[in-house]
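Colleague: my questions are about this predicted structure, shown below with the sequence.
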Amino acid sequence: MPPARPGEIKAIRVIVGFGILDKNSKKHKSTVLDMLQMTLGSNSNGGNSHEQKRILGVVPVEPDGSFSAEVPADTILFLQTLDENQMALENQLTWTWVRPGENRMCVGCHEARDTGLSNRDPQTLRTRAYFAAPEPNARPTVDFRRDLMPIIESKCSSCHKADDPAGGLDLRPGFELVFHRKGRSGYTINAACFNHAYESLLQAPDNRIGTLVIPGAARHSPLIWCLYGRKLAWTDARNPYPKERVPLMPPGKPLSDAEKMLFVQWVDLGAQWDNIPGEDSLPGYDADQSARLAAQAQAELAKPIADPQQAYAARCWECHDNSRLAKLSTYTDAEIPGLVQRMADKKKGWIFPEEIARITQFIVDR
C-alpha cells in the first residue's frame with residue numbers, strides 16, 4: 001500500500017492484544033487452516049491469522065506530525081495511523097510495550113538508528129500526553145457475533161438471503177455454523193467454526209487477500225466502500241470494484257454513522273469472529289458438535305449424493321485443490337464425460353455410478 005501523504009494522518013489508534021484466554025479446550029480449535037483467509041497459526045477465533053485485540057484509545061496528531069500517549073505498563077500494544085474517516089492508514093507490524101514510569105520516543109521504524117529527531121521541537125512535547133490507559137474492562141472491542149450480526153440481520157439479511165442472495169452474498173440471519181470436512185486444497189478440517197454471514201464476508205480468492213474484507217485495512221476493503229457508497233482508497237485489481245462505481249449498501253437505507261464505524265473498527269482490528277476476552281456464551285466452535293457433524297458427513301459419503309454440486313465437491317475436492325480443478329476449463333464439453341469416468345475407474349468405489357452423470361453435467365454447466 002502507498003505511504004501516507006503529509007497531513008493525511010489525523011490520529012493514532014492505540015491497540016492492545018490479549019491473546020487466547022479460553023479455558024475450555026472444547027470451545028477453541030487451536031489450528032484451522034485451508035479455508036477463508038486462514039494461514040499458518042490461525043484458530044477458531046477468526047477466519048484469518050489475526051490476534052484478538054481491544055482499543056486503548058485514539059489520540060490526535062499535532063500539525064507537525066508528532067503525537068504522544070500515556071499507556072498502561074507491561075502491556076503489549078501496537079499503533080495504527082488513522083485518516084480523516086478514522087480508518088487505519090498503516091499498521092505497526094511489531095508489538096511494543098513500556099515498563100512502569102518508562103518514556104519511549106520513536107522517529108520511525110525505518111529511520112537510521114544513529115539519527116535523532118529532525119524536528120528538535122515537536123509540538124506534542126509542549127502539552128501533556130493524551131491518556132490512553134483505561135482499565136481492562138473499559139477497553140472496547142468489536143465482536144462479529146455480538147456487535148455486527150444484529151445489524152446484518154436487521155438491515156442486510158432480507159436481500160442477502162439464503163435461497164436467493166443478492167449479488168451471491170449469503171448474509172442469512174442466525175448462527176447456523178458451516179461445517180467443513182475438507183479445505184480448498186483438500187486438507188481435512190472436520191469442524192464448524194463460523195456462520196454463513198461471516199464466511200461470506202471473509203471469502204478470499206486465495207488465503208491471503210480478502211475479496212470483500214481485508215483485515216486490518218478498512219479503507220481498502222470493498223465491504224466498507226459499499227457502506228459508504230464510494231471508494232475510500234487505492235486497492236488492487238482483485239477487489240470486485242476496480243473501476244466501476246461503488247453501490248451504496250443497504251440501497252436507499254444507509255447505516256448510521258455509529259453502525260458504519262463498528263464495521264470499520266471490526267475490519268481494522270482484524271475482522272475477528274470472536275474478539276471477546278475469555279469465554280462467552282455466544283455461538284462458536286464446539287468440539288463435540290464438530291465431531292457429530294464429521295460423523296454425519298462421513299456417513300453421507302458412503303451413499304450416492306443426489307445434488308450435483310455436492311457430489312462434485314465431495315468426490316473431486318477430496319484429492320484436487322481449486323488450482324488443479326481450474327484446469328478442467330482446458331477440456332471440451334465432449335471430453336469431460338470420459339475424464340470423470342477415468343477418475344471413477346481409477347479410484348474404485350469412491351465415485352458412485354449414478355454420480356458420474358451428475359458430476360459431468362455440473363462441470364460442463366460451470
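Modeller: All right, it came through fine.
Colleague: show me the contact partners of the strand or helix carrying residue 227.
Modeller: Using DSSP states H and E, the element containing residue 227 is helix 222-228. Identification of contacts with helix 222-228 by CB atoms under 8 Å, 6 or more residues apart in numbering yields 85, 87, 201, 211-213, 218, 231-232, 235, 239-241, 246-249, 254-255, 260, 263-264, 267. Bear in mind the C-beta positions are built from the backbone N, C-alpha and C, glycine included.
Colleague: chain center to it: distance?
Modeller: In terms of CA atoms, centre = their mean, to the nearest Å, the centre of helix 222-228 is found 15 Å from the chain centre.
Colleague: pull the CA atoms of the helix or strand just after it into CSV?
Modeller: Using DSSP H and E, the helix or strand that follows helix 222-228 towards the C-terminus is helix 257-268. Extracted C-alpha coordinates of helix 257-268, given in CSV (Å, rounded to 0.1, in the frame of the first residue of the first chain):
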residue,chain,number,x,y,z
ASP,A,257,-22.5,6.7,11.3
ALA,A,258,-22.2,4.6,14.5
GLU,A,259,-23.1,1.4,12.7
LYS,A,260,-20.6,2.1,9.9
MET,A,261,-17.9,2.8,12.5
LEU,A,262,-18.5,-0.6,14.1
PHE,A,263,-17.8,-2.2,10.8
VAL,A,264,-14.7,0.0,10.2
GLN,A,265,-13.3,-0.9,13.7
TRP,A,266,-14.1,-4.6,13.2
VAL,A,267,-12.1,-4.7,10.0
ASP,A,268,-9.2,-2.6,11.3
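Colleague: okay, buried residues for helix 257-268 please.
Modeller: Under the neighbour-count criterion of 16 or more other CB atoms under 10 Å, helix 257-268 has 259-268 buried.
Colleague: cool, and stretch 67-75?
Modeller: By 16+ other CB under 10 Å, the buried positions in stretch 67-75 come out as 67-72, 75.
Colleague: which of those residues fall within helices?
Modeller: Among these, none falls in helices (DSSP state H).
Colleague: in strands only, show me those.
Modeller: Within the buried residues of stretch 67-75, residues falling in strands by DSSP state E are 69-70.
Colleague: ok, the buried residues of stretch 67-75 vs residue 105, which is closest?
Modeller: Of all the buried residues of stretch 67-75, residue 105 sits closest to residue 68, with 9.0 Å by CB to CB.
Colleague: just checking, that closest one touches residue 59?
Modeller: Yes: judged on CB atoms under 8 Å, residue 68 makes contact with residue 59 at a distance of 7.4 Å.
Colleague: give the intersection of the neighbour lists for the two.
Modeller: Among the neighbours of residue 68, those also in contact with residue 59 (CB under 8 Å, 6+ apart) are residue 130.
Colleague: which parts of the stretch 51-200 of the chain are strands?
Modeller: Taking DSSP state E, counting those that start in this stretch as the criterion, the stretch 51-200 of the chain carries its strands at 53-60, 69-70, 77-82, 88-91, 130-131, 177-182, 188-195.
Colleague: among those strands, which is nearest residue 168?
Modeller: Closest approach to residue 168 among these (CB to CB): strand 177-182, 15.7 Å.
Colleague: now do the closest one against strand 188-195, angle only.
Modeller: Calculated by axes from the mean of the first three to the mean of the last three CA atoms, to 10 degrees, strand 177-182 forms an angle of 160 degrees with strand 188-195.
Colleague: adjacent strands (with direction) for strand 177-182?
Modeller: Strand 177-182 has the following strand partners under DSSP bridges: strand 188-195 (antiparallel).
Colleague: any buried residues in the strand it pairs with, and which?
Modeller: 189-195.
Colleague: please apply the same query to stretch 215-225.
Modeller: Judged by neighbour count (16+ other CB under 10 Å), stretch 215-225 contains these buried residues: 215-225.
Colleague: can I get the residues you listed in TSV with pLDDT and distance to residue 18?
Modeller: Shown next, in TSV, are the buried residues of stretch 215-225 (pLDDT from 0 to 100; distance: CB to CB, whole Å):
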residue	pLDDT	distance to residue 18
215	92	17
216	92	17
217	91	22
218	94	21
219	91	25
220	89	26
221	91	24
222	90	29
223	94	25
224	94	25
225	93	30
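Colleague: what pLDDT is listed against the closest residue in space to residue 350 that isn't next to it in sequence?
Modeller: Computed as CB to CB, 6 or more residues apart in numbering, the closest residue to residue 350 that is not its neighbour in sequence is residue 315, at 6.3 Å. Note on residue 315: pLDDT of 86.
Colleague: residue 315 - how many residues pack around it?
Modeller: Residues near residue 315, counting by other CB atoms under 10 Å, number 23.
Colleague: ditto for residue 20
Modeller: For residue 20, using other CB under 10 Å, the count is 15.
Colleague: again, but for residue 141
Modeller: Count around residue 141 with other CB under 10 Å applied: 20.
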